[in-house]
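*Asks:* take this sequence and fold it.
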Amino acid sequence: MPRAVAINVGANTNLPGFRAPVFPDGRFEYVPIPEREPTREPVPTYADLDLSTDVPDDHLETPVHLDPEFAGVHGSEAYTYGDEHAVKAGPLSSLTRGDFLLFYATLSRRDDAPADWGAFLVGEFRVARVVSGEEYEDLDPAAKEAFSSNAHVERDPFDARVLVAGDDDSRLFDRAVPLSEPGAGADANRLVTSLSNDSGKGPWWRRPLRFDAEATASLRERIREKQDS
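*Replies:* Numbers count the residues shown, from 1 in each chain. Sure thing, here's the model as predicted:
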């Protein structure tokens, strides 16, 4: 039975200073954070992405850290994610082939809810492979190719503690799945408080959320319902 880990990604009020929108029917836009480290080759800027989000003029030429990458989105052709932070690398390293890596983002609400923002699941990888940064360095060239477009591989120097590749069942969702209550973005709903290992207290929307096999099955049913609605 697969398990799941959900981590926070995407533009937020700290980086780059704005959130992507989510609309009443659940449609949303995936906007990455800025790239803050040197890269081996030039990477796309916000101006290069086909975004409907109103990006401030002073950010248009800012390079983006396109991580996670979803095939067919923003020019990506693969499903990869990397992270240099131990707090995320630990849970991610526990995933194995067939498990799920879920991504959530804080989004600006464009509906009549009292809250002006919330945390929402926005995509998933069905895990194909997980390697540590040290393991990646020792891979043969053919195996490294699966991660070649990842933003951390493109950094100079390479800095990921963990890399995850998703299989062809991975996807960016069509509709975001709420993790927050409509009354306040900081209030976690039952997908967090009842299914994950997190209490939903404090800044839960910044933390990795773990789901055991039973909880993952329930969570994925909710995801299917939302995508089919």
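
*Asks:* which residues of the protein fall in helices?
*Replies:* 86-93, 133-137, 141-144, 190-193, 213-228 (DSSP state H).

*Asks:* neighbours of Val87, how many?
*Replies:* Val87: 11 surrounding residues under other Cβ atoms under 10 Å. In this view, the C-beta of every residue, glycine as well, is placed from N, C-alpha and C.

*Asks:* these two touch, right, it and Val162?
*Replies:* No. The criterion here is Cβ atoms under 8 Å, and Val87 misses it with Val162 at 11.3 Å.

*Asks:* all strands for the chain, in order.
*Replies:* In the chain, the strands defined using DSSP state E lie at 4-8, 21-22, 33-34, 64-65, 80-83, 100-109, 117-132, 162-166, 171-178, 180-181, 184-188, 209-211.

*Asks:* closest one to Ala151 among those?
*Replies:* Closest to Ala151 of the strands of the chain, according to Cβ to Cβ: strand 64-65, at 5.0 Å.

*Asks:* kindly provide the distance from the residue lying farthest from the centre of the chain to Val162.
*Replies:* The outermost residue of the chain, judged against the average C-alpha position, is Asp140 (27.3 Å), by Cα atoms, centre = their mean. According to Cβ to Cβ, to the nearest Å, Asp140 and Val162 sit 19 Å apart.

*Asks:* in this protein, what spans have low per-residue confidence?
*Replies:* Of all residues in the chain, none has pLDDT under 70.

*Asks:* list the contacts for the nearest residue in space to Leu92 that is not next to it in sequence?
*Replies:* Closest residue to Leu92 apart from its sequence neighbours, by Cβ to Cβ, 6 or more residues apart in numbering: Val162 at 4.8 Å. Residues near Val162 by Cβ atoms under 8 Å, 6 or more residues apart in numbering: 82-83, 88-89, 92-93, 130-133.
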